[in-house]
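S.K.: Predicted model and sequence below, questions to follow.
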Amino acid sequence: MKLPLSRLATLRPGKTWLALGAALLIGLAAAFSVRGYLSRQVAAIEARSKKETIALLVAKRELKKGDLLATGNVAVREIPLDYAHSNAIAPEHFERIEGQGIEHGLKAGEMLLWSLMQTRKAATFSARIEIGRRAITVHVDEINSISGLLEPGDAIDLMVTLDRGGKKITFPLLQNVQVMATGQRSADDPKSGERRQYSTVTLDTTQAQAQSVIVAREAGKITALLRNPQDTQVQAGDSAAIAALLGQAGDAQSLADGAAGRAVPVLYGGRHIDFKPEELTLGQAAQRSNDKPAPRTAPPPAGSAR
């Protein structure tokens, strides 16, 4: 049985609209799907951009090697923490780099790194010595270093012990001398609280005092005595005497005018004797020591056994 042509004509337009409707729905679904995907991607990008940031110093404009850093060519920028260089410089450290040059050029916006800074030469130890003063280093095994308790900045006395004719003479060599360094550690270095090992001690002296230390450590034994930092009292009148004991005749003569008539206490042969500078030669000292009467022996108590 065949349908009339008029019937076929009425059916065909309906199928066409159905196909168009299906295509439209599929297109709308695809559009919404793409829109959702794009929205998610945009949200992810925005989320990444909103991650934690850190303020760092960057070049405000292009910088060349050797350019000095200043407020005019350095800026602060928020950098995502994930992209921040571990060697980058924070704004609070700007004072430490202000006025320094850079080793390599930078483009505008690039981070300033500690490794790019031109290193400044550290002040040498000799720059810490005042004009007219001398620093002398003594090995610890040449002095008694207070069992390693000496610290840079401490004040000490130096005693010297000489052997004269089989007898030991001990007298003060230097008084209230500042310790500038113990080993490689100086007074300017931060204190860690830990006891450090050292083999040398550096002292702040005058040129004449340094000469006396050199002579004393060659002629006898030097012992260090630790002083209270509040104790600034120094025994006077011993310069010429010390020079004479050490055999520094020229120094003894030059210092004699200022020390005339003053005596220095010396332990000679176990006894305490006050010598004047002109008496401090070995022969005169020994003669005076022998001429000094020995202490009298106390009589035995009454009734003791004979």
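M.R.: Noted; the coordinates are in hand.
S.K.: domain parsing for this structure?
M.R.: The chain is divided into the following domains under automatic domain parsing: 53-116, 130-291.
S.K.: isn't Ala55 right up against Ile89?
M.R.: No: taking Cβ atoms under 8 Å as the definition, Ala55 is not a contact partner of Ile89, at 10.6 Å. For glycine as for every other residue, the C-beta is placed from the backbone atoms N, C-alpha and C.
S.K.: which of those two has more neighbours?
M.R.: Each of Ala55 and Ile89 has its neighbours counted (other Cβ atoms under 10 Å); Ile89 has more, 21 against 14.
S.K.: check contacts around the nearest residue to Ala70 once chain neighbours are set aside.
M.R.: Nearest residue to Ala70 in three dimensions, chain neighbours excluded: Glu98, at 6.5 Å (Cβ to Cβ, 6 or more residues apart in numbering). By Cβ atoms under 8 Å, 6 or more residues apart in numbering, the contact list for Glu98 reads Leu69, Ala70, Thr71.
S.K.: quick one: pLDDT of the second one?
M.R.: Spelled out, that is Ala70. At Ala70, the model reports a pLDDT of 93.
S.K.: That one should be in a helix, yeah?
M.R.: No: Ala70 sits outside any helix when classified using DSSP: H, G, I helix; E, B strand; the rest coil, being coil.
S.K.: Could you count how many residues lie near it?
M.R.: Neighbour tally, Ala70, other Cβ under 10 Å: 13.
S.K.: Quick one, grab the pLDDT at Gly258.
M.R.: In this prediction Gly258 is given a pLDDT of 40.
S.K.: Same question for Gly269.
M.R.: What the model reports as pLDDT for Gly269 is 51.
S.K.: can I assume Thr170 sits in a strand?
M.R.: Yes: Thr170: assigned to a strand according to three-state DSSP.
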